[in-house]
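A.B. asks: model this:
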Amino acid sequence: MRMRYLPVVVSCCGLALFSGCGGPPAQPPAASVPASVPATPAPVATPAPVATPAPVEPSDTSPSSPAAAQGPGTVTKMNVTITDKDLGRSATVLGFNPAVPVLQATIDQYPSLYPDGTTFAVHVKTDSGTKYYGAVYSSNFELVCGGNTLSESSSVLKADLKAQHLSAYDTSSGKAGAKYDGWLAFYPKAADIASGCDLTYNRAAGKAGTKTIPAYTKSVPLK
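C.D. replies: The predicted structure is shown next:
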C-alpha cells in the first residue's frame, strides 16, 4: 500500500505544532542461745505449686483463598528509540507491562480476544517531526509474540488502561510537529508471551510530490 505524504509548508500562519534500688531491710540480730540448749531448726518452706501452661491453639495452616481478580503486572522500563529518517519521525519505547488487567465488561464483549483476562501494554512516546504532515499513528505498531502478529487495540481498551492509571496512546490532534506519549495495547496469549515479544514499527512506502519514499520497518525486543 502506498501512502501520499504532504510536505509541511511554512506560511504566515506558521506551523501548528511515581522504690528505690536499695537492698532488702537489715534483719535484727539473732538472740543468743545458751550452749546447753539446742537450736530450733528453721521450718522448711513449702515449694509453690507449678503453674500449668495454657494449651496452645493450633495455627491455621489452610491455604488462603485466591484473589478475586488478578492484580496489575510489573512494568519493565526501557529507553530504545526508532528513527524514521525519511519522514523525520521517531518513536521511543519507554517500557512494557505484559499483564494489565482487562475490565470484565471488555472480556464479556470480546471473550475470544482476552481469554487470559489481561492485555499487553507498551509505553511509547513519539515525535511527528516537521518535515511532513501526519504523525506516528498507533496503527504503525504491531506486537509479535510466539510467531503471531497482533494489531494495536488501545482504542478498544481506553477504559481498561485508565482503570490502571495508564493513558492510551492517542494521535487524534494529528498536527505536524506534535509529540505524543501513551500506552499501546495488544492481546497476545500467555503461552505466546512466554516465547518472547517484539514491538514492530511499520511505515508504508509513499510519495511526496515526485519523490518516492521507501517503506520502513524496525523491531525492538521487549525484554
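A.B. asks: what's the model's confidence in the longest strand seen in the chain, averaged?
C.D. replies: In the chain, assigned by DSSP state E, the strand with the most residues is strand 89-101. Strand 89-101 shows a mean pLDDT of 96.
A.B. asks: Stretch 143-163 too?
C.D. replies: For stretch 143-163, mean pLDDT is 91.
A.B. asks: go on, stretch 187-201?
C.D. replies: For stretch 187-201, the mean per-residue pLDDT is 92.
A.B. asks: Can I get that stretch in PDB, CA atoms only?
C.D. replies: Extracted in PDB, the C-alpha atoms of stretch 187-201 (Å, rounded to 0.1, in the frame of the first residue of the first chain):
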ATOM      1  CA  TYR A 187      -3.900  -9.100  23.300                       C
ATOM      2  CA  PRO A 188      -1.400 -12.000  22.900                       C
ATOM      3  CA  LYS A 189      -2.000 -15.300  24.700                       C
ATOM      4  CA  ALA A 190       0.100 -16.100  27.800                       C
ATOM      5  CA  ALA A 191       1.800 -19.000  26.000                       C
ATOM      6  CA  ASP A 192       2.900 -16.700  23.200                       C
ATOM      7  CA  ILE A 193       4.300 -14.100  25.700                       C
ATOM      8  CA  ALA A 194       6.400 -16.700  27.300                       C
ATOM      9  CA  SER A 195       8.200 -17.200  23.900                       C
ATOM     10  CA  GLY A 196       9.200 -13.500  23.800                       C
ATOM     11  CA  CYS A 197       7.700 -10.400  22.200                       C
ATOM     12  CA  ASP A 198       8.900  -7.700  19.800                       C
ATOM     13  CA  LEU A 199       7.300  -4.300  19.100                       C
ATOM     14  CA  THR A 200       7.500  -3.600  15.400                       C
ATOM     15  CA  TYR A 201       7.200  -0.200  13.700                       C
END
